[in-house]
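Asks: Need coordinates for the following:
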Amino acid sequence: MALDTQPGQHKLTSAVTESRFARWTLIAVSLVFLALILLLPMAAVFVEAFRKGAGAFVEALQDDETFAAIKLTLIVAVISVPLNLVFGVAAAWAIAKFEFKGKAFLTTLIDLPFSVSPVIAGLVFVLLFGSNSLLGPWLAEHNIKILFAVPGLVLATMFVTFPFVARELIPLMQDQGTADEEAALSLGASGFQTFWYVTLPNIKWGLLYGVLLCNARAMGEFGAVSVVSGHIRGETNTMPLQIEILYNDYNFSGAFAVATLLALLALVTLILKTLLEMRFSEEIAASRRH
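Replies: Coordinates of the predicted model:
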């Protein structure tokens, strides 16, 4: 918006020069694009899942292999997300609050999973822990299973999700600076007390936002997990892998039933993401005012 500069006038005028027709055309094109790319596919998932009725939907989710896939997905998320939370907070705190050699390199490493294909990430773990790797014979000798087991799934999931928490916290903590921590230390607070009572409350909304995104990606990861899982039915298949298996077996009701759970997770994530963004922006604005 811009102010009219003529004397005696204070009328606000729009800074947008496009015609009303152009603006409504852009809005219509955006809505049609969103409907075709997002809304219709999402609606199709739910329609196909309930095509044979609610009974078939519930029966599909009660299948032993499907239930095992849901359970395994939750286990992997419960392990990988808290570990990435700890790493993300530690990395963000180090990068935002301290100066040290290799800081730029550490920041680059955090962004690495964004530029590497998840399939390549899975292959890296195969090269590290496979039977023909340097560690493979030692792991087999000590009966330690990494690949085709829960540890491999957790490692692959952690690799593709660990930037989310750190990347949400780094700009927030850099914007807040170190004044609050320095004040707490000058008053005699220990390092842990400073973190728990000063740093953590200042980053709580950004932390929740990062954890939310991390969890959504962890439960929906396909590429890296597919490589290290071995596709052992009822043992190493997560929900995305189970959907693929059911679909390839022409069990469309079961495939779309499991897909609805991931779709619901996406919707819940979107709603919580929007609420956190609203609260997160208010926190940032408040910190800047003070």
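
Asks: The helix or strand where Ala259 lies packs against which elements?
Replies: Per DSSP states H and E, Ala259 falls inside helix 252-289. If you count contacts as 3 or more Cβ pairs under 8 Å, 6 or more residues apart in numbering; DSSP states H and E, helix 252-289 packs onto helix 40-49, helix 54-61, helix 64-97, helix 163-176, helix 200-220, helix 239-248. The C-beta positions use only the backbone N, C-alpha and C, and glycine is treated the same way.

Asks: any low-confidence regions in the stretch 151-290 of the chain?
Replies: Counting by pLDDT under 70, the stretch 151-290 of the chain contains low-confidence residues at 280-290.

Asks: ok, 50 please
Replies: For the stretch 151-290 of the chain, the stretches with pLDDT under 50 are 287-290.

Asks: ok, the closest residue to Leu200 other than its chain neighbours to Leu272 distance?
Replies: Leaving aside its sequence neighbours, Leu200 sits nearest to Leu207 (Cβ to Cβ, 6 or more residues apart in numbering; 7.7 Å). In this structure, Leu207 and Leu272 are 13 Å apart, going by Cβ to Cβ, to the nearest Å.

Asks: my read: Phe256 touches Lys52, true?
Replies: No. Using Cβ atoms under 8 Å, Phe256 makes no contact with Lys52, being 10.0 Å away.

Asks: and those two? which has more neighbours close in?
Replies: Legend: neighbour count by other Cβ atoms under 10 Å for Phe256 and Lys52, higher for Phe256 (23 against 14).

Asks: Quickly note the distance from that one to Ile75.
Replies: Phe256 is 24 Å from Ile75, by Cβ to Cβ.

Asks: I'd like to know how far the residue lying closest to Leu276 once chain neighbours are set aside sits from Met42.
Replies: What sits nearest to Leu276 in space, not counting adjacent residues and going by Cβ to Cβ, 6+ apart, is Tyr209, at 4.6 Å. Taking Cβ to Cβ as the criterion, Tyr209 is separated from Met42 by 22 Å.

Asks: Pick out whichever of these two has more residues nearby.
Replies: Counting neighbours by other Cβ under 10 Å for Tyr209 and for Met42 shows that Tyr209 has the greater number, 23 against 15.

Asks: what's near enough to touch the more buried one?
Replies: Taking Cβ atoms under 8 Å, 6 or more residues apart in numbering, we find Tyr209 in contact with Glu168, Lys273, Leu276, Glu277, Phe280.

Asks: By neighbours, which of those wins?
Replies: Among the contacts of Tyr209, Glu168 has the most neighbours (other Cβ under 10 Å), with 25 neighbours.

Asks: so what's that residue up against?
Replies: Applying Cβ under 8 Å, 6+ apart to Glu168 gives the contacts Gly88, Gly206, Leu207, Tyr209, Gly210, Leu213.

Asks: Could you report the distance from the first one to Pro82?
Replies: When Cβ to Cβ is applied, the distance between Gly88 and Pro82 equals 10 Å.

Asks: if you count what's nearby, which of the two comes out ahead?
Replies: Between Gly88 and Pro82, Gly88 has the larger neighbour count (other Cβ under 10 Å), namely 26 against 12.

Asks: count of residues packed around Asn84?
Replies: Counted with other Cβ under 10 Å, residues neighbouring Asn84 total 26.

Asks: surely it meets Leu155?
Replies: No. Contact between Asn84 and Leu155 fails when scored by Cβ under 8 Å: they sit 11.6 Å apart.
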